[in-house]
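**Q** let me see the structure of the following:
(chains A and B)
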Amino acid sequence: MAATSAAGVGGSLASQASPYDPAPPPRRKGNPRKKAVPYALSATGVIWLLLFFVLPSFFMLAVSLSTGTLGTLQFAWKWSNYSTMLTTYDTQYIRSIIYALIVTIITLTVAYPVAYWISFYGGKRKNVYLLLLLLPFFVSFVLRTVQFQFIFSDNGPVLGTLKRLHLLGSSAHILSTPYAVIAGIAYNFLPFTALPLYVALERIEPRLLEAGRDLYANRWSTFWRVVWPLSIPGVFAAFLLTFVPAVGDYVNATILGGPHTTMIGQIIQSQFLTLFQYPQGAALSFILMAVLLIGATLYSRALGTDAVMDAAGR
Amino acid sequence: MTEHDDLPMIDPALLRGLTQRRLSRRDLFRTAGIGAGALSLGAILASCGVSNGGGGGGGGSASAAAAIDWNAAPSKTLNFANWPLYLDKKKDPATGQVVHPSLQQFTKDTGIQVQYDEVIQANAGFFGKIQPNLAAGEYVGWDIIVITNGDTLNKLFSLNYLVELPTDKRPNFDKYAGDAVKSPAYDDGNKFTMAWQSGLTGIGWDPVQVKALRPSNPTITSMNDLYDPAFKGKVGMFADNADMPNLAMLGLGIVPEDSTPDDWQKTADKLTQQRDDGIVRQYYEQNYIQALGNGDLAVAMAWSGDIFQTNVTGDPNGLQFAVPTEGAIIWTDNMCIPIGVEHPVDAITMMDYVYKPEIQAIIEDYNNYICPVPAAQAIIKNQLKDPEVANSPLVFPTPDIVARLHSYRVLTDEELVQWNALFQPIYLS
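**A** Predicted structure coming up:
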């Protein structure tokens, strides 16, 4: 689900026209073959989207309006699937959005200084530092989460030690709480935030900083008036790339969560794979996609389309 | 061993009704023609499982099963999908590779090479993986799959996804299968399934934690212990719609097989209360055993074999399994042959072969679940010299335990919707 919704967001953003686009190349008349070139070049992308996004979405839309379960599905214009799911699982929708927002704020706060340091002070070893940042990515997502579970188990390396030192009561625990879920998602998604930030910061001409100092700006105002505005496209991209998949994540909440930490991704997964209630699962997915698309559109309006295009242009 | 005295508790009328429903629905699918072939919108929708109401194409999947020649010579190849930790293995000292002695014996006796894959982690998830192939009537990649009795198996029955087994090709099964696995309630006459192993759903507990948290009464015997505030935040429950509700019903004195929607509501209320009082730490799928092992949990709903495997020697401080005084749930993992099968003769040969007591003894001595072959007990004790397994009531249950065992409530499609809506929100909250 996270993947499809992310693709949806990307698709909708890319299709928006921007007044800040570089001027189109001058058109040459009378050569149809040359006219076809841009279409041919974009054909792969278009076919890809049609085949793996538009077509499946269309089928899932049909499923979401059906009755019955797997094997007995029957198309019936059943819009009540949507209202029922929305009222039954509103808590989980709201919770997922709140968790994802907190996660995004945490990862932005953590990743920005790191990306800043690598871009401006990384020197020749920039690539090594980037690799270190990406290193956890080489371990499977689930495995990373399970390791998190091991580290923070009640008698594990962290809590066990604190308990033996009598710094914590014996009943204290981190797993099965919202903290564990949010921390897990933040940990897993950090590189998604850090990379776009790095790309934006790395593009900033260091001489601009020197110029700022020459004009008697102190370090702080150089940052606020030069670096930060120039990095906003990166922040925007980082926000989207982290927030959208984080809302739909279900692995962290399943492994690290407890009662009252269920996220909407878990509900969707169980509707499809455990209960075989495909119509309900499809309706849940479409609601999530709609919420995310509307959110992303409002967000891009608020931030200005130029920033979006700049970010999407990476 | 498992004399299934409790099975007659199911109303025979209910049983008949279930069989009837299954057959009539199968007919329904034949006419609906789920597996239509042509590449039209309707066909694509149908492959997604959406039917447009009317008839449409000829039934593809049903016909594939009919053409099997059980008297053909085996093809000498077999692909077998099973759950992890279910078949004996050891390291071959010569090559250093992990081998399955019982399978090696099978290959030696029959000449059939077995590709054994431990790919089934969950019934529903595995079904989701093979369902597209089944809907198209294609080979799923395995000739034998192992599915627990319950919703998923019922789904396989009702969608006509299983091959009817030949009754004259399983002499060992006829001779050695225990009464508990012969003609079970969910598959009259073993038409489609033969048991691989059975197991109990009861309570697993950690004596060290329990003693620390409740010194006055350091043993777990009753379902009430799962609700004891002394274990607040240290209780694990299953995150599923089968084990959790059915076992909880037993705790409330309800016979799950005969339960009514009112009973379900009562059970759901009790479980919700338990969650909202903060007693439940987490709802688990498979990983409760680690949580019990590392002290995150003191008491948890558990499967008998899991607990037995972690504490084979019966160490009093190791993990323990309790068959609650109120009763426990017995379930069976069943070998079955999916439609589109490529090596059916090899498959039925294997399914019968594991019912040889000397082979079953090897398998049983490894996996420690409930043995479908009573005659294996003596072999495990006398030839394999493993009295701990042979004498374990969790492998060969005593009559006293058997008397307390119950099965899952069998649900119709309409009941299932109501049931799921009651119990799913408890663990997905």
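**Q** where are the low-confidence patches of the stretch 201-314 of chain A?
**A** Applying pLDDT under 70 to the stretch 201-314 of chain A flags residues A:304-314.
**Q** could you tell me which residues of it lie near chain B?
**A** Contact residues, the stretch 201-314 of chain A versus chain B (C-beta under 8 Å from any C-beta of the partner chain): A:254-255, A:257-260, A:262, A:266-267, A:270, A:272-278. Every C-beta, even on glycine, is put in place using the N, C-alpha and C of the backbone.
**Q** out of the residues you listed, which are inside helices?
**A** Per DSSP state H, helices hold the following members of these: A:254-255, A:266-267, A:270, A:272-273, A:278.
**Q** now, which of these sits nearest chain B?
**A** Comparing those against chain B with C-beta to the nearest C-beta places A:L273 closest, at 4.9 Å.
**Q** tell me which stretches of the stretch 151-300 of chain B form strands.
**A** Here the stretch 151-300 of chain B has its strands, by DSSP state E, counting those that start in this stretch, at B:193-205, B:235-238, B:280-284, B:299-303.
**Q** out of those, which gets nearest to A:G68?
**A** strand B:193-205 (25.3 Å; C-beta to C-beta).
**Q** the closest one packs against which elements?
**A** Contact here means 3 or more C-beta pairs under 8 Å, 6 or more residues apart in numbering or on different chains; DSSP states H and E; on that basis strand B:193-205 packs against helix B:243-251, helix B:288-293, strand B:299-303, helix B:304-310, strand B:320-322, strand B:328-336.
**Q** ok now it, how far from the chain's centre?
**A** 7 Å (C-alpha atoms, centre = their mean, to the nearest Å).
**Q** could you do stretch B:96-115 as well?
**A** The answer for stretch B:96-115 is 24 Å, by C-alpha atoms, centre = their mean.
**Q** flag the shaky bits of chain B, pLDDT-wise.
**A** Residues of chain B that meet the cut-off, pLDDT under 70, sit at B:1-66.
**Q** for the nearest residue to A:G281 once chain neighbours are set aside, give me its contacts.
**A** Closest residue to A:G281 apart from its sequence neighbours, by C-beta to C-beta, 6 or more residues apart in numbering or on different chains: A:Q271 at 3.4 Å. Applying C-beta atoms under 8 Å, 6 or more residues apart in numbering or on different chains, one finds that A:Q271 lies in contact with A:277-278, A:280-281, A:284.
**Q** now for the host helix or strand of A:E210, which elements pack on it?
**A** Here A:E210, judged by DSSP states H and E, is contained in helix A:206-214. Judged by 3+ C-beta pairs under 8 Å, 6+ apart, helix A:206-214 is in contact with helix A:219-222.
**Q** output the helix it packs on as PDB, nothing but the C-alphas.
**A** What follows is helix A:219-222, C-alpha atoms only, in PDB (Å, rounded to 0.1, in the frame of the first residue of the first chain):
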ATOM      1  CA  ARG A 219      27.100  32.000  11.300                       C
ATOM      2  CA  TRP A 220      23.600  31.700  12.500                       C
ATOM      3  CA  SER A 221      22.100  34.300  10.200                       C
ATOM      4  CA  THR A 222      24.100  32.900   7.300                       C
END
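**Q** ok now it, how far from the chain's centre?
**A** The answer for helix A:219-222 is 30 Å, by C-alpha atoms, centre = their mean.
**Q** with stretch B:292-299 instead?
**A** Going by C-alpha atoms, centre = their mean, where stretch B:292-299 is centred and where its chain is centred differ by 24 Å.
**Q** could I have it exported to PDB, CA atoms only?
**A** The C-alpha trace of stretch B:292-299 is given here as PDB (Å, rounded to 0.1, in the frame of the first residue of the first chain):
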ATOM      1  CA  LEU B 292       8.600 -15.800  26.900                       C
ATOM      2  CA  GLY B 293      12.200 -16.900  26.700                       C
ATOM      3  CA  ASN B 294      13.700 -13.500  27.300                       C
ATOM      4  CA  GLY B 295      11.400 -12.500  30.200                       C
ATOM      5  CA  ASP B 296       9.200 -10.100  28.400                       C
ATOM      6  CA  LEU B 297       6.300 -12.300  29.200                       C
ATOM      7  CA  ALA B 298       5.400 -14.400  32.200                       C
ATOM      8  CA  VAL B 299       2.300 -16.200  30.900                       C
END
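**Q** can you list the residues of the stretch 101-250 of chain B near chain A?
**A** Residues of the stretch 101-250 of chain B lying close to chain A (C-beta under 8 Å from any C-beta) are B:122, B:124-125, B:128, B:131, B:135, B:155, B:158-159, B:232-233, B:240-241.
**Q** of these, closest to B:I362?
**A** Closest to B:I362, out of all of those and judged by C-beta to C-beta, is B:A122, at 26.6 Å.
**Q** show me what contacts that closest one?
**A** B:A122 neighbours (C-beta under 8 Å, 6+ apart): A:274, B:285-286.
**Q** want to throw the helices and strands packed on strand B:193-205 into a markdown table with distance to A:V181 and mean neighbour count?
**A** Formatted as a markdown table, the helices and strands packed on strand B:193-205 follow (distance: least, C-beta to C-beta, whole Å; neighbours: other C-beta atoms under 10 Å in any protein chain shown):
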| stretch | distance to A:V181 | mean neighbour count |
| --- | --- | --- |
| helix B:243-251 | 21 | 24 |
| helix B:288-293 | 16 | 21 |
| strand B:299-303 | 21 | 25 |
| helix B:304-310 | 26 | 21 |
| strand B:320-322 | 30 | 21 |
| strand B:328-336 | 30 | 24 |
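**Q** nearest to B:D69, of the ones you listed?
**A** So among those, strand B:328-336 is nearest, using C-beta to C-beta, at 19.1 Å.
**Q** ok so, going back, now for the helices and strands packed on strand B:193-205, which one comes closest to B:D179?
**A** With C-beta to C-beta as the measure, strand B:328-336 is the member of those nearest B:D179 (12.7 Å).
**Q** the closest one vs helix B:243-251, what angle?
**A** Interaxial angle, strand B:328-336 versus helix B:243-251 (axes from the mean of the first three to the mean of the last three C-alpha atoms, to 10 degrees): 140 degrees.
**Q** counting by contacts, list what strand B:328-336 packs against.
**A** By 3+ C-beta pairs under 8 Å, 6+ apart, strand B:328-336 packs against strand B:145-148, helix B:151-158, strand B:193-205, helix B:243-251, strand B:405-406.
**Q** apply 7 Å and report the result again.
**A** Here strand B:328-336 touches strand B:145-148, strand B:193-205, helix B:243-251, strand B:405-406, going by 3 or more C-beta pairs under 7 Å, 6 or more residues apart in numbering or on different chains; DSSP states H and E.
**Q** I figured B:N311 was touching B:L319, is that so?
**A** Yes: B:N311 is in contact with B:L319 according to C-beta atoms under 7 Å; the separation is 5.0 Å.
**Q** those two: which is more packed in?
**A** B:L319 (21 against 16; other C-beta atoms under 10 Å in any protein chain shown).
**Q** who's in contact with the more buried one?
**A** B:204, B:206, B:292-293, B:307, B:310-311 (C-beta atoms under 7 Å, 6 or more residues apart in numbering or on different chains).
**Q** where's it relative to B:T313, distance?
**A** Going from B:L319 to B:T313 by C-beta to C-beta, to the nearest Å gives 12 Å.
**Q** does the longest helix along chain A reach chain B?
**A** Ranked by residue count under DSSP H, the longest helix found in chain A is helix A:90-121. No: Helix A:90-121 is not in contact with chain B by C-beta under 7 Å from any C-beta of the partner chain; minimum separation 7.7 Å.
**Q** and that helix, how far out from the chain middle?
**A** On C-alpha atoms, centre = their mean, the centre of helix A:90-121 falls 10 Å from that of its chain.
**Q** where do the strands sit along the stretch 1-150 of chain A?
**A** Under DSSP E, counting those that start in this stretch, the stretch 1-150 of chain A gives strands at A:66-67, A:73-75.
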